[in-house]
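J.: give me a 3D structure for the following:
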Amino acid sequence: MTENLDSSSGMQSQRGYVLDAENAAEMARLMLMDHLLTQAMGGPLPEQPHPEQLHQVLDIACGPGGWLFDLMTRYPHMQGVGIDISQLMIEYATNLAYTQGLSNIQFRVMDATQQLSLSDSTFDLVNARILTGFLSTIQWSTLLAECARITRPRGVLRLTEGEWGFTNSAALDRLQHLSERALHQSGRSFSPGGRTIGTAAVLPLLMREAGYQDIKCQAHVVNYSAGTEAHESNCQNMLVFHKLYQPFLAQMHVASQEELEQLLSQMEEEMQAETFCAIDFFLTAWGRKA
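T.: Residues are numbered from 1 along each chain as shown. Take a look at the predicted model:
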């Protein structure tokens, strides 16, 4: 997906994924991230006390389908639907479901920033993780209104967003700061000054405004410091992410390509140091439709 610049303001269009959704490297990164995040959270639905009561499940911006595959494998009584704007991701996920004999999953190409081609009151659970990459702040309420439309009465909306890059690597710290500035300038950050990503903090408010009740939250921590089990895989994910993120940062004029390349090289070196420390935080918020 090609991002366009608004010639009148110099700001990037508020529509579209900040990374190339049809990129094979991004698909591989999302497969890894899906697995790492689900593992860190203790499974695909750790906070839901009665998963046996959930039958129809939707995953928004499902990517290559990692979360749904984990869910359907653990709870074969469920029927899952995954939607994503990327033809590449959906084709991969569909083929994988076929080869694994998972007839209870289907995948559809769909743009979550538009009205969803899904029937009213269809799903017992609507799930979405890390939507900040393509939703502007003004698009959140529209999408959550659509979620409320397609969720059954007493059905669950489940959202997960993060704040990451808390580290003693100077390069990673700088890249995280640049990323937050770029998200803020492009209208994707709820942080008033672009100091953080800011989305996790407003999830309960957004869900209440969409009509969900009994909203609860659960936090998760990913420690990928040197010497931890998560170190190598999360560092690899971070390297690929920041490499793919470079065009967006350059388009937002927060740094030169030369600086970004230098920071990436420095970050790779610093993450392999024995004293490297890094923690990411994720928040899952869920609530029920009245």
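
J.: need the helices for the stretch 1-150 of the chain, in chain order.
T.: Using DSSP state H, counting those that start in this stretch, the helices of the stretch 1-150 of the chain run over 24-40, 66-74, 87-99, 137-150.

J.: what sits up against the biggest helix by length in the chain?
T.: Looking across the chain with DSSP state H, the single longest helix is helix 231-251. For helix 231-251, contacts defined as C-beta atoms under 8 Å, 6 or more residues apart in numbering pick out 3, 5, 12, 18-20, 23, 25-26, 28-29, 32-33, 36, 172, 175, 178-179, 182, 222, 224-225, 255-257, 260-261, 263-264, 267-268, 271-272, 276, 278, 280. (Each C-beta comes from the backbone N, C-alpha and C, glycine too.)

J.: tell me how far the spatially closest residue to residue 195 that is not a sequence neighbour lies from residue 192.
T.: Once flanking residues are discounted, residue 195 sits nearest to residue 180: 6.6 Å by C-beta to C-beta, 6 or more residues apart in numbering. Look at residue 180 and residue 192: by C-beta to C-beta, to the nearest Å, they are 12 Å apart.

J.: again, but for residue 274
T.: Where residue 192 is concerned, residue 274 sits at a distance of 38 Å (C-beta to C-beta).

J.: again, but for residue 207
T.: Distance of residue 207 to residue 192, given as C-beta to C-beta: 21 Å.

J.: who's more crowded, the two?
T.: Set side by side, residue 207 and residue 192 show more neighbours around residue 207, with 24 against 9, by other C-beta atoms under 10 Å.

J.: any regions of this structure where pLDDT drops low?
T.: 1-16 (pLDDT under 70).

J.: now the strands for it?
T.: Taking DSSP state E, the strands of the chain run over residues 56-60, 79-84, 105-109, 123-129, 151-167, 212-223, 278-289.

J.: compute the inter-axis angle for the longest one and helix 231-251.
T.: Think strand 151-167. Counting by axes from the mean of the first three to the mean of the last three C-alpha atoms, to 10 degrees, strand 151-167 lies at 90 degrees to helix 231-251.
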